[in-house]
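**Q** show me how the following folds:
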Amino acid sequence: MGLIKIFSGKESIAIKLQAAVEAENVKVTQRENKQNSGNAAIIELFIEENDFMKVRDAIEDFKMNM
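**A** Numbering: from 1, shown residues only. Predicted coordinates:
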């Protein structure tokens with residue numbers, strides 16, 4: 001299976017979400033999108049598609065507590 005994007009935004013938020021996902025033993029791939037970022041870096045986080053169900057609840061909890 002392929003990668004799916006779970007986040008795109010500020011680095012400070014991406015770091016927190018990445019930690020929450022990795023706490024569920026799922027590897028996160030991080031990419032910096034410089035093309036659209038101007039002065040601020042836009043960070044994109046990806047996980048393997050088949051890992052999504054493992055971390056779905058952790059992602060939803062993270063979004064609800066932002």
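**Q** contacts only, for residue 31.
**A** Counting by CB atoms under 8 Å, 6 or more residues apart in numbering, residue 31 touches 43, 44, 46. Where C-beta positions appear, they are placed from N, C-alpha and C, glycine not excepted.
**Q** downstream neighbour of the helix or strand harbouring it in the secondary structure list?
**A** Following DSSP states H and E, one finds residue 31 within strand 29-33. Downstream of strand 29-33, the first helix or strand assigned by DSSP H and E is strand 42-48.
**Q** so what does that following strand touch, helix or strand wise?
**A** strand 3-10, helix 11-22, strand 29-33 (3 or more CB pairs under 8 Å, 6 or more residues apart in numbering; DSSP states H and E).
**Q** average pLDDT for the last one?
**A** In this case it means strand 29-33. Average pLDDT, strand 29-33: 91.
**Q** from the chain's centroid, how far away is that strand?
**A** Centroid separation between strand 29-33 and its chain, computed with CA atoms, centre = their mean, to the nearest Å, is 9 Å.
**Q** surely residue 32 meets residue 41?
**A** Yes - counting by CB atoms under 8 Å, residue 32 does reach residue 41; the two are 5.3 Å apart.
**Q** centroid-nearest residue for this protein?
**A** With distances taken as CA atoms, centre = their mean, the residue of the chain nearest its centroid is residue 45 (3.4 Å).
**Q** not counting sequence-adjacent ones, nearest residue to that residue?
**A** residue 7 (4.2 Å; CB to CB, 6 or more residues apart in numbering).
**Q** same deal with residue 28?
**A** Closest to residue 28 by CB to CB, 6+ apart is residue 18, at 4.7 Å.
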